[in-house]
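# requesting a structural model of the entry that follows:
(one chain, ligands or ions: 1)
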Amino acid sequence: MVTICANALIGPDLEFVQSVYIQVDEQGIIVEITKEQKPITYLLPPSYVLIPGFVNAHTHVADAFLKDQGYGLSLDETVGPEGIKHNKLNTSTIEERRDSIQNSLEMLVHNGYTTFFDFREQGVEGVVLLKNILSSFPLRGLIFGRSKAEGDLEDVFNESDGLGFVDIFAVDKEIVKTTKSLKENNPEKLVGIHVSESEELLSNSLSKYGKRDIELVCDYSVFDYVVHATYANEDELSLLKEKNMCVICCPTSSLYYGLKFPPIESILRKRIILGLGTDNVLSCNPDPFRLMAFTLINARNNNQKITPREVLKSITVNPGLIAKKKIGQIKEGFSADFIGIDLENPNLKLSKDIYSAITMRAEPSDIGFQMYKGRLVKWKDQK
Ligand SMILES: [Zn+2]
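Next up, the predicted model:
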């Protein structure tokens, strides 16, 4: 049993509570949170606040080897079927792909993530490669694989935590039927898809199917969540809510490709569960602090009202709800994944609001304590 004593953001609303004792069992599960004194294993200084480890709700960790080669190119030229990303993935050596993934996982851990959801390319082989590299990191990866060759969908599904479809053009009735039957026996596995990422994609969907992609995705009734929804209108968001689907937005990535800022305020107003992700590593580093500040500042610039606390929830609590796993909250029964931020560091000192300080001012160097499944990853002040 490990006990941490700290000020912490507790439960699904990230409520600030002073000096709580958090007990973690040998399996890395939080078994008790109490104000009652306990023998302490880790006493965090009073300037620290303990928060849930960050959850990156959408990544493509394999493309770090294309860092800074996509700026100025269009979405299609970068990540489209003939773009630089798939060209490099298909022509690179296994060592290059391993180094690329390794670099992304190092950044995720260094920047305070304890979980990430990855849309993994390259079929079964791609999933297995990521799983092997991931096994030596203090990091939980939920891997959503995709088909590479005809007939491999079941194998990909069995190796993964679910499926991540490229877009509506990668789906047909037969694939939906297979996916539904696979899910019946594995209801814990999730299925996601990129939707409404660009206007070009929407017009292609209209000309091929006579419908925009979100409506088609909702008709299929097999998806648990959609990624992007950047150009979703109010009716489409209402439809997503009606179908009980979650939305993951990647604002930095959308703006990197010259696309629109996603309708985050509307998504939250409709009480859709919102997760935020950093998307392709080639476009931006998986840095939760940069993502949160970028989102809040660009929301203002787009006349959207969202709060720092909502943004913090969208990279902790909400992705845990999307994953249907006991992660992303400091709560009894949940995985002991934490980071401790020192509010007396120069970046944060004098701030009068913890949520604004964490979302708009903090950076990875302000993380002084990090724990994954009850095991220490980092403790700057440990003597
Ligand atoms: Zn993506």
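
# for the rest of this, base every contact and every neighbour count on C-alpha atoms.
OK.

# after the biggest helix by length in the chain, which helix or strand is next?
For the chain, the longest helix by residue count, based on DSSP state H, is helix 94-110. Towards the C-terminus, the helix or strand next in line after helix 94-110, according to DSSP states H and E, is strand 113-120.

# tell me the helix or strand right after that next one.
helix 123-134.

# which strands and helices lie in contact with the longest helix of the chain?
Under the contact definition 3 or more Cα pairs under 8 Å, 6 or more residues apart in numbering; DSSP states H and E, helix 94-110 sits against helix 123-134.

# buried residues in whatever helix or strand comes next after the helix it packs on?
Downstream of helix 123-134, the next assigned helix or strand under DSSP H and E is strand 140-145. In terms of neighbour count (16 or more other Cα atoms under 10 Å), strand 140-145 has its buried residues at 140-145.

# between those, which is closest to V156?
Minimum distance to V156 across the buried residues of strand 140-145 is 5.9 Å, recorded for G145 (Cα to Cα).

# touching, the closest one and V166? I think so.
No: at 10.1 Å, G145 does not count as touching V166 under the criterion of Cα atoms under 8 Å.

# so what's I4 bridging to?
Counting by DSSP bridges, I4 is bridged to I22, Y42.

# name the element the residue nearest the centre of the chain belongs to?
The structure's the chain has its C-alpha centroid closest to A57; by Cα atoms, centre = their mean the separation is 1.4 Å. Using DSSP H and E, A57 maps to strand 54-60.

# cool, and I51?
Applying DSSP H and E, one finds I51 within strand 48-52.

# note down every partner strand of that strand and its orientation.
Neighbouring strands of strand 48-52 in its sheet, by DSSP bridges, are strand 2-10 (parallel), strand 338-342 (antiparallel).

# domain ranges for the chain?
2-52+328-379, 54-323 (automatic domain parsing).

# now those as TSV including mean pLDDT?
Shown next, in TSV, are the domains of the chain (pLDDT from 0 to 100):
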stretch	mean pLDDT
domain 2-52+328-379	97
domain 54-323	97
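
# just checking, next helix/strand downstream of the strand holding A57?
Counting by DSSP H and E, what follows strand 54-60 is helix 75-79.

# from the chain's centre, how far out does that next one sit?
Helix 75-79 sits 21 Å away from the centroid of its parent chain (Cα atoms, centre = their mean, to the nearest Å).

# for it, name the packing helices and strands.
On the basis of 3+ Cα pairs under 8 Å, 6+ apart, helix 75-79 makes packing contacts with helix 84-91.

# for the helix it packs on, buried residues please.
For helix 84-91, by 16+ other Cα under 10 Å, it's 84-86, 89.

# now swap in stretch 159-174 and tell me
Result for stretch 159-174 [16+ other Cα under 10 Å]: buried residues 159-168.

# mind checking which of these are in helices?
In this view, those that belong to helices under DSSP H are E159.

# which of the buried residues of stretch 159-174 sits closest to T179?
For those, the nearest to T179 is L163 (8.6 Å; Cα to Cα).

# what is the closest residue to that closest one other than its chain neighbours paired to in the beta sheet?
Closest residue to L163 apart from its sequence neighbours, by Cα to Cα, 6 or more residues apart in numbering: F144 at 4.3 Å. Bridge pairing for F144 (DSSP bridges) gives the partners F119, G162.

# residue contacts, F144?
By Cα atoms under 8 Å, 6 or more residues apart in numbering, the residues touching F144 are 117-120, 160-164, 190-192.

# and the residue nearest to A229 when sequence neighbours are not counted, how many residues sit next to it?
Excluding its sequence neighbours, the residue lying closest to A229 (Cα to Cα, 6+ apart) is S196, at 4.7 Å. Residues lying near S196 (other Cα atoms under 10 Å) number 24.

# adjust the sequence numbering to begin at 31 for everything that follows.
All right, first residue 31 from here; so that's S226.

# residues in contact with S226?
232, 243-244, 258-262.

# any idea which of those residues is closest to K343?
When these are compared against K343 (criterion: Cα to Cα), the nearest one is H258, at 17.5 Å.

# now the closest one: how far from G110?
Here H258 is placed at a distance of 15 Å from G110 (Cα to Cα, to the nearest Å).

# one more: S228?
From S228 to G110 the distance is 12 Å (Cα to Cα).

# not counting its neighbours along the chain, what's nearest L285?
F291 (6.5 Å).
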